[in-house]
Structures are given as structure tokens and as C-alpha cells.
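Chemist: sequence below, structure please.
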Amino acid sequence: MTTQYETLRHEDTYREAFGVEPPAALGERLLWPRKPGCFIVHQAVATALLSPEPSAPASSAPAPAAPLAAEPAEGNAADDTAAPPPADRTRVLVPAQWGLVPHWVKSASDAKLRAPKLVTAKSDLASTGTAFREAWLQGQRCIVPMQSFYADDYRSGKAVPTRIARVDGKPMGVAGLWARWRGADGEVIISYALLTVNANNHALLNRYQQPGSEKSMPAILNEGAYDAWLTARQERAKEFLRQYAPQYLTANPVENKADKVPKKDWLG
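Modeler: Next comes the predicted model:
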């Protein structure tokens with residue numbers, strides 16, 4: 001992938017695919033790091049996030065507890081991995097910056113420098129990496145709506161930007177982590193990063209990105225698992241982060257110059 005993904009272009013798509021009200025303005029079609037994007041959380045989390053003085057870190061997920069008795073079904077992570085639902089599971093779209101800003105960042109200027117490097121988090125390192133560890137352990141999970149993402153195809157010897165989308169044309173809900181940073185002067189930055197999974201053995205995505213590098217892809221959630229992902233106990237959350245079946249994805253080279261993306265890969 002490259003540092004770009006395609007946002008949803010129709011208001012009804014937000015309602016029909018994710019059960020949320022669309023943003024006041026749809027914004028740019030192609031989203032880049034540090035640009036205004038959005039993510040989806042439950043109502044209680046959104047309320048706390050957008051509050052001037054949140055009393056505690058907001059999260060739909062409960063604190064770690066004893067393992068659940070039920071085991072998840074083989075294949076996709078199921079609802080039995082989730083904790084008891086919160087009082088209000090209404091989903092809400094939260095405007096935010098793409099590119100995570102950890103709480104320990106000292107200034108807004110430092111945040112601007114770090115955010116472009118923190119647009120993705122490898123799922124196997126999210127719980128230990130300095131930048132993402134707190135968001136993961138606090139259960140600050142979200143869903144990032146997108147129509148497609150981009151990857152460079154090097155099989156011809158040069159980078160050919162390629163658009164990856166669902167075969168059926170429906171949008172994707174990608175697993176993400178959010179953060180809320182507050183500066184000494186009261187400035188608040190709400191931000192997010194996409195979670196990725198290894199794609200070295202993925203029948204489609206293993207063709208893309210830099211030769212010899214680790215192949216990665218966004219952790220695309222199954223539509224029926226959106227609420228379960230937001231509410232799952234922390235020790236079960238990684239069960240949702242899996243490769244999306246290659247037969248349900250399609251790849252097409254980018255022809256419009258305006259859609260072409262930088263050669264530098266961002267998921268290596």
C-alpha cells in the first residue's frame with residue numbers, strides 16, 4: 001500500500017454500509033496522511049472523545065477479565081468474542097486526522113512530524129510498539145470506512161499504482177486505533193491509524209509492494225463483526241485481524257494521473 005486511500009463518495013453509503021450519519025461535508029476523495037478523515041465508534045465513546053474535558057479514556061471495550069467460556073467459531077471471529085454490549089451500541093462517525101498522535105507527544109509541531117509515520121500499525125506489534133501500545137491496551141479501537149486502498153505493483157520493474165477494492169463494489173470497514181492528544185495550551189487532536197496484517201501468503205496482495213519486503217494489507221473487518229470488534233475484550237481483539245479473502249478483492253492499475261500515488265511504500 002501507499003499513503004493514500006479512497007473515501008466514500010455518497011452520503012447514503014455511510015448509512016447503508018455502516019449505520020452512521022455521513023459527515024457534514026464529504027471532503028476529498030483521496031485521503032493522505034495528516035488530512036482530515038473519520039472513524040466509527042459507539043456513541044458513548046464518541047461523546048467522551050468530543051467532550052472538552054473527558055474524565056477518563058473512552059472505550060467500548062471492557063477492562064481485561066477472565067477468558068470467556070465460549071470459543072469463537074472457526075474462520076471469522078464471531079460475536080461470542082465480545083464482552084456484554086454497552087448500553088448504547090449506536091455507531092457514530094468521528095472526524096479525525098489520519099496519522100496517530102500518541103499522548104506522549106510534546107507539542108503540536110512534534111505531532112505534525114510524527115503523524116505521517118504513524119498511519120498504520122502492524123497487528124502483531126500493536127500491543128508492544130511505543131506509539132500504539134497505549135491505544136491497544138486501552139481498547140481504543142475503531143472502524144475506518146474506505147472505498148479502496150492503493151498498492152504499488154513492481155512486477156514490470158517499475159512501480160505501477162494499483163487500486164484495490166471489493167469485487168462487489170461495497171465499501172470496506174478497516175480495523176483501526178484512535179488517540180486523543182491534548183496540548184499544554186488546550187489544543188486537542190483526535191487521530192487514528194489503520195491496523196494491518198501480514199500478506200506474504202495472500203494470493204492477491206503478495207504481488208504488490210517493494211520486492212523483498214514484508215507484504216501487508218489493511219485488516220478488513222467482516223460486516224457482521226463491526227460491533228463485536230469495538231466491544232471485544234482486549235485479549236480477544238486480535239482474533240478479528242485477519243487477511244481478507246483474495247477472491248473478494250479486485251486490483252486495477254491507476255490510469256488517472258490525479259490518482260497516482262508516491263513510490264514510497266508505507267506498509268513495509
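
Chemist: mind listing the strands for this structure?
Modeler: 5-6, 30-31, 36-42, 91-98, 120-122, 141-146, 148-153, 160-166, 172-182, 188-198, 216-218, 249-253 (DSSP state E).

Chemist: got the buried residues for the last one?
Modeler: Of the residues in strand 249-253, those with enough neighbours to count as buried (16 or more other CB atoms under 10 Å) are Leu249, Ala251. C-beta here means a position set from N, CA and C on the backbone, and glycine is covered the same way.

Chemist: do the same with stretch 180-195
Modeler: Quick answer for stretch 180-195 (16+ other CB under 10 Å): Arg180, Trp181, Gly183, Ile189, Ile190, Ser191, Tyr192, Ala193, Leu194, Leu195.

Chemist: what's the closest of the residues you listed to Leu125?
Modeler: Comparing these against Leu125 with CB to CB places Leu195 closest, at 10.2 Å.

Chemist: how about the strands of the chain in CSV, adding distance to Arg133?
Modeler: Shown next, in CSV, are the strands of the chain (distance: least, CB to CB, whole Å):
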stretch, distance to Arg133
strand 5-6, 24
strand 30-31, 25
strand 36-42, 19
strand 91-98, 19
strand 120-122, 10
strand 141-146, 14
strand 148-153, 25
strand 160-166, 29
strand 172-182, 10
strand 188-198, 12
strand 216-218, 19
strand 249-253, 30
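
Chemist: to Leu205, which of those lies closest?
Modeler: Ranking the strands of the chain by proximity to Leu205 (CB to CB) places strand 216-218 first, at 4.6 Å.

Chemist: show residues contacting that closest one.
Modeler: The list of residues contacting strand 216-218 from outside it, by CB atoms under 8 Å, 6 or more residues apart in numbering, reads 1, 120, 122, 146, 149, 172, 174-175, 194-199, 202, 205, 209, 243-244, 267-268.

Chemist: just the buried ones out of those, please.
Modeler: Neighbour-count burial within those applies to 1, 120, 122, 146, 149, 172, 174-175, 194-199, 202, 205, 209, 243-244, 267; the criterion is 16+ other CB under 10 Å.

Chemist: state the pLDDT value of Asp88.
Modeler: Note for Asp88: predicted pLDDT of 77.

Chemist: quick check: it vs Gly224, distance?
Modeler: Distance from Asp88 to Gly224, counting by CB to CB, to the nearest Å: 20 Å.

Chemist: on that earlier part again, take the strands of the chain and lay them out in JSON lines including mean pLDDT.
Modeler: JSON lines is the format used below for the strands of the chain (pLDDT from 0 to 100):
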{"stretch": "strand 5-6", "mean pLDDT": "97"}
{"stretch": "strand 30-31", "mean pLDDT": "95"}
{"stretch": "strand 36-42", "mean pLDDT": "97"}
{"stretch": "strand 91-98", "mean pLDDT": "97"}
{"stretch": "strand 120-122", "mean pLDDT": "96"}
{"stretch": "strand 141-146", "mean pLDDT": "98"}
{"stretch": "strand 148-153", "mean pLDDT": "94"}
{"stretch": "strand 160-166", "mean pLDDT": "95"}
{"stretch": "strand 172-182", "mean pLDDT": "97"}
{"stretch": "strand 188-198", "mean pLDDT": "97"}
{"stretch": "strand 216-218", "mean pLDDT": "96"}
{"stretch": "strand 249-253", "mean pLDDT": "96"}
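
Chemist: below-threshold pLDDT in this protein: ranges please.
Modeler: 1-2, 54-87, 256-268 (pLDDT under 70).

Chemist: go again with 50.
Modeler: 63-85, 257, 261-268 (pLDDT under 50).

Chemist: all helices of it, in order?
Modeler: For the chain, the helices defined by DSSP state H cover 11-13, 43-50, 108-114, 133-137, 226-231.

Chemist: and the ones you listed, which is most packed in?
Modeler: helix 226-231 (a mean of 23; mean count of other CB atoms under 10 Å).

Chemist: brilliant, that's me finished.
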